Each structure stands twice: as structure tokens, then as C-alpha cells.
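following is a predicted model, sequence given first.
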Amino acid sequence: MFKIGDLVKLEATYHPERHPPMGTIGIVTHIEDWSDVDPNAEWHVEQFVRVYWAGGPNTGEQCYADSRLKMVKAC
């Protein structure tokens, strides 16, 4: 589980005009726990995470599923 201040890396590809490229490093700024875990889903979500990226677009509207991020360094 991620915490505010953790350093993470984006492990997915999204639209390049709205999101940074895969592999971009960023700092977790906000977390929303998600309790609606679907065991039949292709990928699971326990948290939605907002990240301030080192490069690329940074907007308060973008949240990422925890399964699309990789921990680089815990705070």
C-alpha cells in the first residue's frame, strides 16, 4: 500500500498528451482507498493514487490505480 510522500514509477502507458510516459518517476500526493475489489477483474485496485510527476503533465484530475505504479522508495 502506498503512502503520501512515497516515490513511485509509472508502470503503464496512457494518452501522451494527458499523462507522462511509462517509467516516469513521481511523488505520491494523495491516496483514496478502494474497498470494492472485484476478484474476477483483470487487475485489482486497492488504492487510487495521485502523483506529482518529475516530467510530463501534472494535473489534480489524474488518479492512477495502485496496480499501475511501482514503488521506488517508501517515505
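Nice, thanks for sending it over.

mind naming the longest strand for the protein?
The longest strand of the chain (DSSP state E) is strand 25-33.

and that strand, what's buried?
25, 26, 27, 28, 31 (16 or more other C-beta atoms under 10 Å). Quick note: C-beta positions are derived from backbone N, CA and C, even for glycine.

stretch 6-25 now?
Quick answer for stretch 6-25 (16+ other C-beta under 10 Å): 6, 8, 9, 10, 14, 19, 20, 25.

adding pLDDT, write those residues out as a markdown table.
Formatted as a markdown table, the buried residues of stretch 6-25 follow (pLDDT from 0 to 100):
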| residue | pLDDT |
| --- | --- |
| 6 | 98 |
| 8 | 98 |
| 9 | 98 |
| 10 | 96 |
| 14 | 91 |
| 19 | 92 |
| 20 | 93 |
| 25 | 97 |
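
so which of these are in strands?
8, 9, 10, 25.

the bottom helix or strand of this structure by mean pLDDT?
Least confident helix or strand of the chain, by mean pLDDT, DSSP states H and E, is strand 64-65 with a mean of 92.

how far off centre is that strand?
Computed by C-alpha atoms, centre = their mean, to the nearest Å, the chain-centroid distance of strand 64-65 equals 4 Å.

C-alpha coordinates for whichever helix or strand comes after that strand, PDB please?
Where DSSP states H and E defines the elements, the next helix or strand beyond strand 64-65 is strand 69-73. Coordinates of the C-alpha atoms in strand 69-73 are reproduced here as PDB (Å, rounded to 0.1, in the frame of the first residue of the first chain):
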ATOM      1  CA  LEU A  69       2.500   2.000 -10.100                       C
ATOM      2  CA  LYS A  70       5.700   0.500  -8.800                       C
ATOM      3  CA  MET A  71       7.300   1.500  -5.500                       C
ATOM      4  CA  VAL A  72      10.700   3.100  -5.900                       C
ATOM      5  CA  LYS A  73      11.300   4.300  -2.400                       C
END
